[in-house]
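K.L.:
mind looking at a prediction? Sequence and model below.
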Number of protein chains: 2
Amino acid sequence: MRREGARRGGRRPRTGRAGYHHGDLPRALVDAALELISREGVRALTLRAAARRAGVSQAAPYRHFADKDALLAAVAEEGFRLLTASMRTAAPSTGDDPLGRFRGFGLGYVAFAAGHPAHFRVMFGREVADRARHPGLQAAGGEAFALLVDAIRACQQAGLVREGDTETLAVSAWSTVHGLAALVVDGQLDRDGSPDVAALAHAVTGSLFFGLAAPRPAGG
Amino acid sequence: MRREGARRGGRRPRTGRAGYHHGDLPRALVDAALELISREGVRALTLRAAARRAGVSQAAPYRHFADKDALLAAVAEEGFRLLTASMRTAAPSTGDDPLGRFRGFGLGYVAFAAGHPAHFRVMFGREVADRARHPGLQAAGGEAFALLVDAIRACQQAGLVREGDTETLAVSAWSTVHGLAALVVDGQLDRDGSPDVAALAHAVTGSLFFGLAAPRPAGG
DNA sequence: ACCTGAACACCGTTCAAGT
DNA sequence: ACCTGAACACCGTTCAAGT
């Protein structure tokens, strides 16, 4: 992970384009990787193909990434940052609606996966061979999980979610939204045409909160 | 998918070992693939490495599999069959406990993933590039989902699960167990040592049924 | 400081040829 | 009917060399 800021907006460094083809080859390689994955699948992502797309020689990527794994780790790390952003965007920021906030995180999680399938695949697909070598990755993943844990704790404190080990409840919540996200990205839900992801996300987060059990008959 | 029965037990065909190295090279290649994935990751699975492991030339696999994708599809299809078997084993077969049966399917799903991570990865990891080319695969996946749908319907008929579109409820259930399974296989839950998968599976299927909501105070 | 060209040991896949 | 050997166009990665 020699790469640092993504510098998305362009704004090339003053030191100039001398020697540069892009002003930002790392960024160009990450974009090329995402496009290759989206259009032709993870197997089509080769370092050489990404280099070709960026208009540099096959050896040039090694100036910025130690190996193919490092490029994939950069994609995954960016994905985790976009994930937390998507969760925050979907959640109301007001402190007085902890349940809405919790549900918003879930909806944002699924929306991210549906909107960034290439990122999602690299984040969770074991493409990054040795995750331990990329601690920034683990950290970024932990941040998203922490968001969920905090939201559940707030709901518990408001008396909206039942008592119990917060982390275990968070694993339930994470499993639910992650499972839906994975099934969507994986195309497993496509058997009768393309599914209404937003509707499913609402149904699933609703089930998560209220459960599948039939309401007890009053006095029963 | 030229390959047919897996003939797991050994029992070589009478027609003899003349020309055969294994009696069953397709089986040997599937086993080699699983071992390579388990020991060195999906990237280490190459057709040539599988052939080496099976003791045949690099070109020999093409007698039995059209291409690398076909070998992966065979692994995935076997996985789906093992998944349904695991679900059936974990579920009580008695007709008078639909809820236990439903929960058993969920526990069996997670147990399969934890016990067969290499299969699970190929089944859901987009390693098989063109899934449409392998209809047997889609069918085997649909079977597992159908099990869940039937179990939910039975619970609804017994008044144990609330009314509503059965398929949508099934997606909730599938998402929950699939999400936990994926997080386990992916190592995402390893941040404080290795997790107690069976305990998490119980907690998660419990949450799925009862929800996370705090019990309503009586008369409130 | 960043990039290229050539090289090495690998892949997936094909095809003529062997038994 | 099943397998091999050689071949082709690709990969990841390294390294000396260029500006």
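P.N.:
Sure, I can see it.

K.L.:
which stretches of chain A have low pLDDT?
P.N.:
A:1-22, A:218-220 (pLDDT under 70).

K.L.:
who in it is up against DNA strand D?
P.N.:
A:19, A:45, A:46, A:47, A:48, A:49, A:58, A:59, A:62, A:67, A:68, A:69 (Cβ under 7 Å from any atom of the strand). (Each C-beta comes from the backbone N, C-alpha and C, glycine too.)

K.L.:
residues in contact with the residue nearest to the fifth one when sequence neighbours are not counted?
P.N.:
Which is residue A:48. Nearest residue to residue A:48, sequence neighbours excluded (Cβ to Cβ, 6 or more residues apart in numbering or on different chains): residue A:58, at 4.8 Å. By Cβ atoms under 8 Å, 6 or more residues apart in numbering or on different chains, the contact set of residue A:58 is A:47, A:48, A:51, A:52.

K.L.:
and for residue A:41, the neighbour number?
P.N.:
Residue A:41: 16 surrounding residues under other Cβ atoms under 10 Å in any protein chain shown.

K.L.:
which one is it nearest to, not counting chain neighbours?
P.N.:
Using Cβ to Cβ, 6+ apart, the nearest residue to residue A:41 is residue B:129, at 5.4 Å.

K.L.:
follow-up on the earlier one: of the contacts of residue A:58, buried ones?
P.N.:
Among the contacts of residue A:58, the ones that count as buried by 16 or more other Cβ atoms under 10 Å in any protein chain shown are A:47, A:51.

K.L.:
in a markdown table: the contacts of residue A:58, plus secondary structure.
P.N.:
Formatted as a markdown table, the contacts of residue A:58 follow (DSSP: H, G, I helix; E, B strand; the rest coil):
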| residue | secondary structure |
| --- | --- |
| A:47 | helix |
| A:48 | helix |
| A:51 | helix |
| A:52 | helix |
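
K.L.:
next, format the contacts of residue A:58 as CSV and append distance to residue B:108.
P.N.:
Output for those, formatted as CSV (distance: Cβ to Cβ, whole Å):
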residue, distance to residue B:108
A:47, 41
A:48, 43
A:51, 46
A:52, 46
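
K.L.:
follow-up on the earlier one: pretty sure the residue nearest to residue A:48 is in a helix, no?
P.N.:
No - assigned with three-state DSSP, residue A:58 falls outside any helix and is coil.

K.L.:
ok, it to residue A:26 distance?
P.N.:
Relative to residue A:26, residue A:58 is positioned 16 Å away (Cβ to Cβ, to the nearest Å).

K.L.:
ok, residue A:213 touching residue B:209?
P.N.:
Yes - at 5.4 Å, residue A:213 counts as touching residue B:209 under the criterion of Cβ atoms under 8 Å.

K.L.:
ok, these two, which is more surrounded?
P.N.:
Legend: neighbour count by other Cβ under 10 Å for residue A:213 and residue B:209, higher for residue B:209 (19 against 15).

K.L.:
which ones are touching the more buried one?
P.N.:
Contacts of residue B:209 (Cβ under 8 Å, 6+ apart): A:211, A:212, A:213, B:99, B:103.

K.L.:
please report how far it lies from residue B:186.
P.N.:
According to Cβ to Cβ, residue B:209 and residue B:186 sit 25 Å apart.

K.L.:
ok so, going back, buried subset of the residues of chain A next to DNA strand D, written for PyMOL?
P.N.:
To isolate the buried members of the residues of chain A next to DNA strand D in PyMOL, using 16+ other Cβ under 10 Å:
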select buried, chain A and resi 45+47+49+68+69
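
K.L.:
now, which of the residues of chain A next to DNA strand D sits nearest DNA strand C?
P.N.:
Using Cβ to the nearest atom of the strand, residue A:59 comes nearest to DNA strand C of the residues of chain A next to DNA strand D, at 3.0 Å.

K.L.:
now that closest one. Nearest residue, chain neighbours left out?
P.N.:
Distance criterion Cβ to Cβ, 6+ apart; nearest residue to residue A:59, sequence neighbours excluded, is residue A:51 at 8.0 Å.

K.L.:
so who does that neighbour touch?
P.N.:
A:29, A:32, A:57, A:58, A:59, A:60, A:61.
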